[in-house]
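*Asks:* dropping the sequence and predicted coords here.
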Amino acid sequence: MKPRFIQHLPNQSLQIAEQTLRNIGDDEVLIAVAAFGINRPDLLQKAGLYPAPADASPILGLEVAGTVIASGKSVQQWRAGDRVCALVNGGGYSNYCFAPTTQCLPWPDNYSAAEAACLPESFITVWHNLLQRGKLQAGETVLIQAGSSGIGTTAIKLATLAGARVFTTAGSAEKCVRCVTLGAEKAFDYHHENLTEQLLDATQKHGVDVTLDILGDAALAQHIKLAAVDGRIVNIAVLNGSKSEINLAAMMMKRLTITGSTLRAQSAAQKAAIVSDIRQRAWPWIASGAFRPIIDSTFDFQQVETAHQRMQNRTHFGKIAITIEENS
């Protein structure tokens, strides 16, 4: 089967094109891709707002699932025929994709191709920011903004498994109901509800121990108001804007930690450490099926534009995947 990929053009349109595969790196595997996940950074990269790092593939796509067909000379763990899912440094929108061996995970036996493909990016992002940076503990309260997104649904399920009290926001009453079915104690419709007042009431004025923020802008000031003493605010995106004005006195009096990170900019060693921690501490949830990604919809290789439009319109609930029939 000829190697193909989804090429994004200067006018932001997408088309299928053929590619010539480079030589495999010593610490890489080559995967025949059965499915790949769609993520908002893909849309931002397509629009020229989130350029790929200099050492990364310019092809869109950050997560895949498929079968290993070749491995580099230094690779010990994975061999041809192994089914894996992987966080990749670009190049995921392809029927063949290279992945660093340390960023590969086993394809869980109880997962479909779409579920396996939609595991790496969101789970690794949420695990790193909610559990590692945010230090979320059982019994604590957590606020997850945009609970109906791929990140949001992952965070709700992961925080619930960790034993936290989960509060979230969503853009409609229907999405709020679905967030509660995933494990949220309460979901607030951000179009119609006073989040600050209602969340403080719901926590008996305790406030929020950990906030997972994808909004930025004025939301940071609101999160400081909502934060409990010794609270942690973790920012992973700036959908509403990258500049905020905050009350430093409130931050100091509450002894808050305000932090944030992006996954793609981290070094190979840092990503490998996160993946290793997931294998050690979170894998029983994944292997048992206690955690599995929420799949909104799947499309075939020729329908990536349609998948992007669905994400752009924010009509989805959970993750969006592309399946490649020839490799399934």
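*Replies:* Noted; the coordinates are in hand.
*Asks:* and the residue nearest to Ser244 when sequence neighbours are not counted, how many residues sit next to it?
*Replies:* The spatially closest residue to Ser244, leaving aside those adjacent along the chain, is Leu220, at 4.0 Å (CB to CB, 6 or more residues apart in numbering). Yep, even glycine has a C-beta here, placed from its N, CA and C like the rest. Residues contacting Leu220 under the criterion other CB atoms under 10 Å number 23.
*Asks:* need the pLDDT of Leu220.
*Replies:* At Leu220, the pLDDT value in this model is 96.
*Asks:* that one reaches Asp213, doesn't it?
*Replies:* Yes: at 7.0 Å, Leu220 counts as touching Asp213 under the criterion of CB atoms under 8 Å.
*Asks:* so what's in contact with the two at the same time?
*Replies:* The contact sets of Leu220 and Asp213 overlap at Ile233, Asn235 (CB atoms under 8 Å, 6 or more residues apart in numbering).
*Asks:* residues touching the residue nearest to Ser244, list them.
*Replies:* By CB under 8 Å, 6+ apart, the neighbours of Leu220 are Asp213, Ile233, Asn235, Ser244, Ile246, Ile258.
*Asks:* if you set the cut-off to 7 Å instead, what comes out?
*Replies:* Contacts of Leu220 were listed using CB atoms under 7 Å, 6 or more residues apart in numbering, and they are Asp213, Ser244, Ile246.
*Asks:* tell me which element it is part of?
*Replies:* helix 219-226 (DSSP states H and E).
*Asks:* now that helix: buried residues?
*Replies:* Neighbour-count burial for helix 219-226, with 16 or more other CB atoms under 10 Å as criterion, is recorded at Ala219, Leu220, Gln222, His223, Ile224, Lys225, Leu226.
*Asks:* now render the residues you listed as TSV, adding distance to Tyr50.
*Replies:* Formatted as TSV, the buried residues of helix 219-226 follow (distance: CB to CB, whole Å):
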residue	distance to Tyr50
Ala219	20
Leu220	21
Gln222	25
His223	23
Ile224	27
Lys225	30
Leu226	28
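*Asks:* tell me, how many residues neighbour Lys46?
*Replies:* For Lys46, using other CB under 10 Å, the count is 17.
*Asks:* with the one 3 residues further on instead?
*Replies:* Other residues lying near Leu49 total 9 when counted by other CB under 10 Å.
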